[in-house]
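Chemist: give me the fold of what follows.
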Amino acid sequence: QGRLVESGGGLVQPGGSLRLSCAASGFTLRGYAVGWFRQAPGKERERPFGVSTSDSRSFYKDSVAGRFTISRDNAKDTVYLQINNLQPEDTARYYCAAAWQVYADPLLTPEGQWGYWGRGTQVTVSS
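Modeler: Sure, this is the predicted structure:
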């Protein structure tokens, strides 16, 4: 059974950087879009803030564009999320998910469309 595994979270000071990984196990990410989601403490999980489509195009919400970068290594079935200039409001549990089909605007793809999910990795930004 396929699954995704996130890693790379941790405690970081404001202004710091992290690289999160999303690795597929039991299936290949080729042909899938991969989305990144986050859930802040006490809040619901948002729609994806970033999506890498199967043809490696990347889409970002305005709120993270310029600080977040998604990349893919299809040979390793892994997608990465580079986060720079982390701020306390970035504190959240970060999840990745894979979908075979996404909306024309991938950022609007609802959670039910994403077939594979990871369990998340915690990112805490604090001094």
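Chemist: model confidence for the residue lying closest to F49 once chain neighbours are set aside, exactly?
Modeler: Excluding its sequence neighbours, the residue lying closest to F49 (C-beta to C-beta, 6 or more residues apart in numbering) is K61, at 4.5 Å. Placement of C-beta: from N, CA and C, glycine included. Reading off the confidence values, K61 has pLDDT 96.
Chemist: quick check: bridge partners of the most centrally placed residue in the chain?
Modeler: The centre of the chain sits closest to W36, judged by C-alpha atoms, centre = their mean, with a distance of 2.2 Å. Beta-bridge pairing for W36 (DSSP bridges): G50, C96.
Chemist: does it really touch V51, like I thought?
Modeler: Yes - between W36 and V51 there is a contact under C-beta atoms under 8 Å: 7.4 Å.
Chemist: need the residues touching each of these two.
Modeler: Common contacts of W36 and V51 (C-beta atoms under 8 Å, 6 or more residues apart in numbering): I70.
Chemist: still on that earlier bit, let me see the backbone angles for the residue nearest to F49.
Modeler: Backbone torsions of K61, given as degrees, to the nearest 10, read phi -70, psi 150.
Chemist: and the nearest residue to T53 once chain neighbours are set aside, how many neighbours?
Modeler: Of all residues not flanking T53 in the chain, A33 sits nearest, at 4.8 Å (C-beta to C-beta, 6+ apart). For A33, the neighbour count with other C-beta atoms under 10 Å is 25.
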